[in-house]
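Participant: Sequence plus the predicted model coming up.
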Amino acid sequence: ESLYKTVWVFVVVVVFLSLCCVSGALCGTFNIKMPKNINVLRGSCVTIPCSFDVESRFENNLDDSCKAYWNDSPSFNSHNAKLKPTKDMTGDLKKKDCTTTFINTNLLQRSKYYIRLECNNALKYRFSQTGVDVSFIDDPPSPTLTPSTLEVKEGTSVSLTCSAPAPCWSHPPALTWTPNLGQSQETLQENQDKTKVKTSVISFTASHLHHGNKICCTAAYRKQDGSPDVTAETSLTPDISCDPSGPILENQKVTLTCSSNAQPAVENYTWSDGGALIGTGHTLNITVSTINSNFFCNATNTVGFKIQAKKNNLSFLLFSFCSNLFIGVICSLLILRGIIFVLQIFTLIL
């Protein structure tokens, strides 16, 4: 029985070690990890994230003499390699980091590139099983806004995140917000394929002043070949609703807002308490009371301005009606019809 247990344990260990060797967990094998493709902004630098592993017997051969070479065909050596990065362009090869930054992307072309590891000892290996497709773009991709839409109530705390690809780690894009809604926090984050993105997070409290006003995030990329910087932007238009949490207390200060989708556009807003003019502009700051609690907003466009007549109830009613319709031709016809109607009434009276 003890012999049976010994054989059984031996079989389990062998199977376990075999699986580990297949996965490369214990028995080291030559393999490499890098993105399948990289988009290079023409004239800018690019960083290709890269890591590798070697067979266990070569672990001790990873030293300061090791170099990484790149070529656009899988069959090459250190002598005919098209790209021979210096140490300051390459990661720490002793730690199996072959990440490479190309400052001068004019050396690259649209192709698939492979890497070769070569040391001043027995370790020399070409990773021909995996390469990275390099493509060139003239314009950077648009940043991403999260969330992509914004519909909240006034007073809500809001956080917006702007993300833009950072193909060159040493020169990530500069992110700016328009308008400036406050302090932003920026980080350089890593994707699953080890590529990176620049993110900027801005937080603010939603206000009626933000309603309908575009919020824009711009990513500026600096080029290393001396050509002008290029930018890409994205934006959203927030929808801020007002939902008071309860009744307004007497003598409380409030801000009233008046807006209109007029055609032609509104030229003037005026406020009244039903009689006297108490303010102008699309907002009114007042202190409410039981005596002073009714407020009226009047929006005037070019059509309304032309037909407004002071101290004339009939003309005032027609003016208000047209200001709401915002269609000049219809308003003009209604006014003409109203004047004819009034003349007919006066004719009958006389």
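Facilitator: Structure received. Numbering: from 1, shown residues only.
Participant: for the closest residue to residue 204 other than its chain neighbours, what are its contacts?
Facilitator: Nearest residue to residue 204, sequence neighbours excluded (Cβ to Cβ, 6 or more residues apart in numbering): residue 181, at 4.3 Å. (Glycine included, C-beta is placed from N, CA and C.) Contacts for residue 181 (Cβ atoms under 8 Å, 6 or more residues apart in numbering) come out as 202, 204, 215.
Participant: just residue 238 next, same as before
Facilitator: Counted by Cβ under 8 Å, 6+ apart, residue 238 has contacts 150, 151, 152, 158, 206, 210, 211, 212, 213, 215.
Participant: repeat that with 6 Å
Facilitator: Applying Cβ atoms under 6 Å, 6 or more residues apart in numbering to residue 238 gives the contacts 150, 210.
Participant: what about residue 216, neighbour count?
Facilitator: One way to gauge burial is a neighbour count; for residue 216, by other Cβ atoms under 10 Å, it gives 16.
Participant: How about the one 3 residues further on?
Facilitator: When counting by other Cβ under 10 Å, one arrives at 26 neighbours for residue 219.
Participant: is it true that it touches residue 173?
Facilitator: Yes - with contact defined as Cβ atoms under 6 Å, residue 219 counts as touching residue 173 (4.2 Å).
Participant: what sits in contact with each of those two?
Facilitator: Residues touching both residue 219 and residue 173 (Cβ under 6 Å, 6+ apart) are residue 164.
Participant: What's the separation between residue 265 and residue 299?
Facilitator: 10 Å (Cβ to Cβ, to the nearest Å).
Participant: Residue 70 too?
Facilitator: Plainly put, residue 70 is 66 Å away from residue 299 if you go by Cβ to Cβ.
Participant: what's the answer for residue 67, then?
Facilitator: With distances taken as Cβ to Cβ, residue 67 is found 73 Å from residue 299.
Participant: quick one: which of residue 265 and residue 299 has more around it?
Facilitator: residue 299 (20 against 11).
Participant: gap between the more buried one and residue 236?
Facilitator: Following Cβ to Cβ, the distance that separates residue 299 from residue 236 is 27 Å.
Participant: Check which residues of the strand ranked longest in the chain are buried.
Facilitator: Criterion DSSP state E: the longest strand present in the chain is strand 124-137. Residues of strand 124-137 classed as buried by neighbour count (16 or more other Cβ atoms under 10 Å): 125, 126, 127, 130, 131, 132, 134.
Participant: What strands flank that strand, and is each parallel or antiparallel?
Facilitator: Sheet pairing of strand 124-137 (DSSP bridges) gives strand 37-41 (parallel), strand 111-118 (antiparallel).
Participant: got the CA positions of that strand in CSV?
Facilitator: Extracted as CSV, the C-alpha positions of strand 124-137 are listed here (Å, rounded to 0.1, in the frame of the first residue of the first chain):
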residue,chain,number,x,y,z
LYS,A,124,21.4,34.9,-28.3
TYR,A,125,17.8,34.5,-29.3
ARG,A,126,15.5,35.9,-32.0
PHE,A,127,11.8,36.1,-30.9
SER,A,128,10.4,35.4,-34.3
GLN,A,129,7.1,34.0,-33.0
THR,A,130,5.7,37.4,-32.0
GLY,A,131,5.9,40.8,-33.6
VAL,A,132,4.2,44.2,-33.4
ASP,A,133,2.5,45.9,-36.3
VAL,A,134,3.5,49.5,-36.5
SER,A,135,1.1,52.0,-38.3
PHE,A,136,1.4,55.7,-38.8
ILE,A,137,-1.4,58.3,-38.3
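Participant: one step back: out of the buried residues of strand 124-137, which one sits closest to residue 190?
Facilitator: Each of these was scored against residue 190 by Cβ to Cβ, and residue 132 proved nearest at 16.7 Å.
Participant: Not including adjacent chain positions, what is the nearest residue to the closest one?
Facilitator: Leaving aside its chain neighbours, residue 132 sits nearest to residue 34 (5.0 Å; criterion: Cβ to Cβ, 6+ apart).
Participant: Report the separation between that neighbour and residue 45.
Facilitator: For residue 34, the distance to residue 45 equals 17 Å [Cβ to Cβ].
Participant: is the closest residue to residue 37 other than its chain neighbours in a bridge, and if so with what?
Facilitator: With Cβ to Cβ, 6+ apart as the criterion, residue 37 has its nearest non-adjacent residue at 4.1 Å, and that residue is residue 133. Assessed by DSSP bridges, residue 133 has beta-bridge partners residue 37, residue 112.
Participant: you'd agree residue 133 is up against residue 39?
Facilitator: No - if you go by Cβ under 6 Å, residue 133 and residue 39 don't touch, sitting 9.6 Å apart.
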